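# Okay, structure incoming, though there's no sequence with it:
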Ligand code: TXA
Ligand code: MG
């Protein structure tokens, strides 16, 4: 992957002009704009079709001054930043008063993350000499599967990219290493609620607990809103059903007998009919997450009646992946029964 310094400078200049730029991070691709320019941030919401009261994560260069953005940095945040930044951990903290509401969906908290991807870092360092923040949600239409390649971003936004479009440029930084979105930890209510895990990810609850000495809690009713925690999200257009490993063969046989078109995502070595479209992902959480969204996109392109997913183990190491699969399958509850009934 050759990326010229010129291309980074051009992208930073576009951001400074208030335009939207899609860029790679180690988790997924982001759709970025100047976090302190409300008109620029509005373009992100318009391009994504995302409700404007859903807050965005602000991405910072490694040398950035976090005190410009937040009003109070609890000790736990300092420890987590030292341990995991740059990397796939987003912290929700109390927002500093001068930060415009646009990027935070009007909330009094702000999500901050320092990505480890070298291209993301180069861009953040070039943008306003590293002193700015780039607000960026995942570069997909609202509710859809996040992109892990530049081509995925182009597939999502097509005509909206380029001089006449809302997205000025897509920077190609290769396939995102981690493959699922950052872990989100709310520390904004530390005194009353302690740490709250809003979205599981590659950095697990156990790793967080090891650094701060407290196991993060599950979200309570008053926890900050996060669209990534909506029941239905991260979803392909084809219905998705999650199935225990040992039910896979029988279900495939029944659906095939009912003349249904299947697309299958598996991770354990097993023999399934070779006429069924299938993708096999690695059986380790790391390898699986890396390939997950590209696989879901490819299977979605098969125009099948159903994407059947072999459920991964229900262990802590798979928590982030299981979370995304559950949300991808959410709108499809009952689909399996319906397909089998309708011969
Ligand atoms: O890995 C990632 O986090 C990627 C890359 C591009 O950095 N970004 C990403 O952004 O996944 P997005 O917008 O698709 O998901 C961010 C989630 C949303 O569910 C949003 O509601 C939540 O973070 N969030 C952001 N700021 C928040 C805040 N102040 N309070 C609560 N939730 C917040
Ligand atoms: Mg997203």
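Alright, I've got the coordinates. What you see is a predicted model; the values in this text were computed from it and never measured. Ligands and ions are numbered 1, 2, ... in the order given.

# And the strands in the chain, which stretches?
For the chain, applying DSSP state E gives strands covering 20-23, 30-34, 57-59, 89-94, 109-113, 134-135, 167-170, 183-186, 196-199, 240-243, 262-266, 277-280, 306-310.

# who does the fifth one pair up with?
Using DSSP bridges, strand 109-113 pairs in its sheet with strand 57-59 (parallel), strand 89-94 (antiparallel).

# Please determine whether the last one lies in contact with ligand 1.
Yes: residues of strand 89-94 are located near ligand 1 by C-beta under 6 Å from any ligand atom, namely 90, 92. C-betas here are computed from N, CA, C, even on glycine.

# Over to the first one?
Yes: judged by C-beta under 6 Å from any ligand atom, strand 57-59 and ligand 1 are in contact via residue 57.

# show me the residues around residue 35 that make contact.
The contact partners of residue 35, by C-beta atoms under 8 Å, 6 or more residues apart in numbering, come to 41, 56, 58, 99-100, 102-103, 132-135.

# And the residues you listed, which is closest to residue 235?
When these are ranked by distance to residue 235 (C-beta to C-beta), residue 56 comes first, at 20.2 Å.

# Leaving out chain neighbours, which residue sits closest to that closest one?
Leaving out its chain neighbours, the residue that sits closest to residue 56 by C-beta to C-beta, 6 or more residues apart in numbering is residue 135, at 4.2 Å.

# give the contact list for the one you found.
Applying C-beta under 8 Å, 6+ apart, one finds that residue 135 lies in contact with 32-35, 41, 44, 56-59, 102-103.

# Beta-bridge partners for it, please?
Listed by DSSP bridges, the beta-bridge partners for residue 135 are residue 33, residue 58.

# how much space between it and ligand 1?
9 Å (C-beta to the nearest ligand atom, to the nearest Å).

# cool, residue 222 as well?
Using C-beta to the nearest ligand atom, we find residue 222 at a distance of 12 Å from ligand 1.

# what does residue 316 give?
Taking C-beta to the nearest ligand atom, one finds residue 316 at 20 Å from ligand 1.

# Ok, residue 49 next?
13 Å.

# List only buried entries from the contacts of residue 135.
32-35, 41, 44, 56-59, 102-103 (16 or more other C-beta atoms under 10 Å).

# pLDDT added to these, as JSON lines?
Supplementary listing: those in JSON lines, determined by pLDDT from 0 to 100:
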{"residue": "32", "pLDDT": "98"}
{"residue": "33", "pLDDT": "98"}
{"residue": "34", "pLDDT": "98"}
{"residue": "35", "pLDDT": "97"}
{"residue": "41", "pLDDT": "96"}
{"residue": "44", "pLDDT": "96"}
{"residue": "56", "pLDDT": "96"}
{"residue": "57", "pLDDT": "97"}
{"residue": "58", "pLDDT": "98"}
{"residue": "59", "pLDDT": "98"}
{"residue": "102", "pLDDT": "87"}
{"residue": "103", "pLDDT": "83"}
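
# of all those residues, which two lie farthest apart?
Of all pairs drawn from these, the greatest distance, 15.1 Å, lies between 59 and 102 (C-beta to C-beta).

# what sits against residue 56?
Residue 56 neighbours (C-beta under 8 Å, 6+ apart): 35, 41, 44, 103-105, 111, 135-137.

# can you check residue 318 too?
The contact partners of residue 318, by C-beta under 8 Å, 6+ apart, come to 285, 288, 312.

# how much space between the residue nearest the centre of the chain and residue 253?
Centre of the chain computed as the mean C-alpha position; nearest residue by C-alpha atoms, centre = their mean is residue 181, 3.0 Å away. Distance check for residue 181 against residue 253: by C-beta to C-beta, to the nearest Å, it reads 35 Å.

# Pull the contacting residues for residue 317.
The contact partners of residue 317, taken as C-beta under 8 Å, 6+ apart, are 204, 285.

# Which positions in this protein make contact with ligand 1?
Residues of the chain that fall close to ligand 1, judged by C-beta under 6 Å from any ligand atom: 25, 27-28, 30, 54-57, 88, 90, 92, 104, 107, 109-111, 113, 136-138, 181-182, 184, 198, 224-228.
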